[in-house]
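Colleague: after the sequence you'll find the predicted model.
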Amino acid sequence: MTWKTPLLVVLLPALAAAEPRAWTLQKGTGRAKFRVEAPLDAIEGSTFGLSGELRFDEATWAEGTGKIHIALSGFTTGLSLRDEDLRDQFFHTDRFPEALLTITRLERPSQGVLVPGREGQADAVGTLSLHGKEQPVRIPVWVMLTDEAGQRTLQVTGSFDVPFTEYGIPRPARLFLKLGSVARMRFEATFRAAAPASPTVALSAPPASSTAASARPPRVELSVNVARRPEKPKPQPRAASWEFSFTSPEGRGERLFRDPSVGGDQNALACASCHAWRDERTGTLDPLGHASSNSSLWNSARRASFWRGFATTPADATDLCVRRFMLRPGGGEPAKLADLSAYLKRISPDAAPPLDYRPLLLGRKTAIDRPTGGDAKRGAVLTERFCGRCHGEGAMRPPLEIGLYEADYLVARIRWIAPHDAKQMPPMPLDRLTDTELRDIVTYLVGRPDDRIFQRKRGSAPRTEAPGRPEKGPLAAVAPPN
């Protein structure tokens, strides 16, 4: 028996008689996020349009109730026409402007009394109303109560699944195999209420820890990860033909040049995804008829500088690629960088001037006029030539879908004109892909009006100027903010 035991015996009757209090999510402090897998790349969006209230008392928190409202029209993804698709074609916000999560009770609580500084767990039972449908939900939640300056703060986290079909949310038939049927939702919410009126209630709490005293400000975080259907087995690649022995540094580097393991855990790129390793003066197409998105690294290692002067050795230049494009922000492994450098030096017999970044910088400053005024037939050929290296059945990314994209989105993504959502996809400079070729590709992928997967209510004039100036730093030419 500890000193707390008799104190709790005295306090429990008073706690049991306490009335539920309102715990409010204050306006502007809630935020919801979602992430959806799509053919080009994952789409992320967010909204600050959350409000709601919980009602419970710490002594009887398992009997708590509450409602959280999510304004669906407030979601933004960084691209205005895609936001319009989200509102009009997915959520149908003109008929269903909000989602409502209703909590009716908590089951299987980990503790009878909720006290500051001690984590609790329970199953929140209630309903979710979305898209005109109401379905029961059971959400495992973790809660943490803190006490500071006469206010009590409750942090809540949890996750649950939302099957699209149960809520009548349509998915375009042509995208049925590309999008999952279940949304995995995660949330984090913080609510506040006044401390209990009885001073004895506060005495029952253990001493506040330093962690509890530094509670984060109120907010709600909600993210959606859309599960994908199992992909078809990827075809087995042909056996690679190696020029150098794997026991030599250049031989190991040759193999690493085609190996995504150089990057981070989620990386899908290899050096060979963006760069060729042969002399391109006789042509830029590989044996499959594909063009790399950026210049060949043949004869590149003996340049006086790299990355506009921010790297002076092949190893440092490779490290910048690993950090920016290959999802390894801490940089590459020194041994792998050394082997890659040895390989680049071996395929660089001659001196060469530094790479000219002007075509890349110019492409990022100005979009193209009449982006859908090209030739769709030529665009089909060019799409395979310039995009087929990464997009296709069994490739790094799924095949591109005619009618799914809007013109400005494609131009901004390919040229890296802010704002864009490209992460691993590199920019294609003007000396690799001309404006005329890009116009043909965009015309083909946007499609005719009857090809459009999403039928928009209104059009939008194409943007021809990029807002703002490129940021400063070694990656200013290729690393706009995402």
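Modeller: Received it, and whenever you're ready, just let me know what you need.
Colleague: so what does the helix or strand hosting L145 touch, helix or strand wise?
Modeller: Remark: L145 resides in strand 133-148, with elements defined by DSSP states H and E. For strand 133-148, the packing partners by 3 or more CB pairs under 8 Å, 6 or more residues apart in numbering; DSSP states H and E come out as strand 98-107, strand 119-130, strand 151-163, helix 210-213. The C-beta positions use only the backbone N, C-alpha and C, and glycine is treated the same way.
Colleague: lowest-confidence stretch among the ones you listed?
Modeller: Sorting the helices and strands packed on strand 133-148 by mean pLDDT places helix 210-213 lowest, at a mean of 43.
Colleague: for the stretch 351-482 of the chain, what spans make up the strands?
Modeller: With DSSP state E, counting those that start in this stretch as the criterion, the stretch 351-482 of the chain has no strands.
Colleague: should've said the stretch 151-300 of the chain
Modeller: So, for the stretch 151-300 of the chain - with DSSP E, counting those that start in this stretch - the strands run 151-163, 182-194, 220-226.
Colleague: save these as CSV, and put in mean neighbour count too.
Modeller: Output for the strands of the stretch 151-300 of the chain, formatted as CSV (neighbours: other CB atoms under 10 Å):
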stretch, mean neighbour count
strand 151-163, 18
strand 182-194, 20
strand 220-226, 19
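Colleague: for S198, give me the pLDDT.
Modeller: 59.
Colleague: show me how the chain divides into domains.
Modeller: 20-197+215-226, 249-346, 358-451 (automatic domain parsing).
Colleague: can I get these in TSV including distance to A352?
Modeller: Output for those, formatted as TSV (distance: least, CB to CB, whole Å):
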stretch	distance to A352
domain 20-197+215-226	33
domain 249-346	5
domain 358-451	15
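Colleague: worst mean pLDDT among these?
Modeller: It's domain 20-197+215-226: among the domains of the chain, that one has the lowest mean pLDDT, namely a mean of 81.
Colleague: got the contact list for stretch 308-327?
Modeller: 260, 262-267, 269, 271, 274, 300-301, 304-307, 328-332, 337-338, 340-341, 344-345, 354, 357, 423-424, 426, 473-479 (CB atoms under 8 Å, 6 or more residues apart in numbering).
Colleague: save the helices and strands packed on strand 133-148 as TSV, and put in distance to D435 too.
Modeller: Formatted as TSV, the helices and strands packed on strand 133-148 follow (distance: least, CB to CB, whole Å):
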stretch	distance to D435
strand 98-107	43
strand 119-130	43
strand 151-163	42
helix 210-213	55
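Colleague: between the ones you listed, which one is closest to L410.
Modeller: Smallest distance to L410 across these (CB to CB): 29.7 Å, for strand 151-163.
Colleague: circling back: ok, which of the domains of the chain comes nearest S241?
Modeller: Across the domains of the chain, closest to S241 is domain 249-346 (CB to CB), at 10.3 Å.
Colleague: how far does the closest one sit from its chain's centre?
Modeller: Put simply, domain 249-346 sits 25 Å off its chain's centre (CA atoms, centre = their mean, to the nearest Å).
Colleague: returning to that earlier point: so what strands line up beside the strand holding L145?
Modeller: Here strand 133-148 is paired, per DSSP bridges, with strand 119-130 (antiparallel), strand 151-163 (antiparallel).
Colleague: so how far is the longest one from its chain's centroid?
Modeller: The gap between the average C-alpha position of strand 151-163 and the chain average comes to 21 Å, counting by CA atoms, centre = their mean.
Colleague: alpha carbons only: can I get stretch 321-340 in CSV?
Modeller: Output in CSV follows, covering the C-alpha atoms of stretch 321-340 (Å, rounded to 0.1, in the frame of the first residue of the first chain):
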residue,chain,number,x,y,z
CYS,A,321,21.6,13.3,-56.0
VAL,A,322,21.2,10.7,-53.2
ARG,A,323,20.0,13.4,-50.8
ARG,A,324,17.5,15.1,-53.1
PHE,A,325,16.1,12.5,-55.4
MET,A,326,16.8,9.1,-53.8
LEU,A,327,15.1,9.8,-50.4
ARG,A,328,18.2,9.6,-48.2
PRO,A,329,18.5,13.1,-46.7
GLY,A,330,21.5,12.0,-44.6
GLY,A,331,23.6,11.3,-47.7
GLY,A,332,25.0,8.2,-49.3
GLU,A,333,27.3,5.6,-47.7
PRO,A,334,30.9,6.6,-48.2
ALA,A,335,32.0,3.2,-49.6
LYS,A,336,29.2,3.2,-52.2
LEU,A,337,29.9,6.8,-53.2
ALA,A,338,33.6,5.9,-53.6
ASP,A,339,32.7,3.0,-55.9
LEU,A,340,30.3,5.1,-58.0
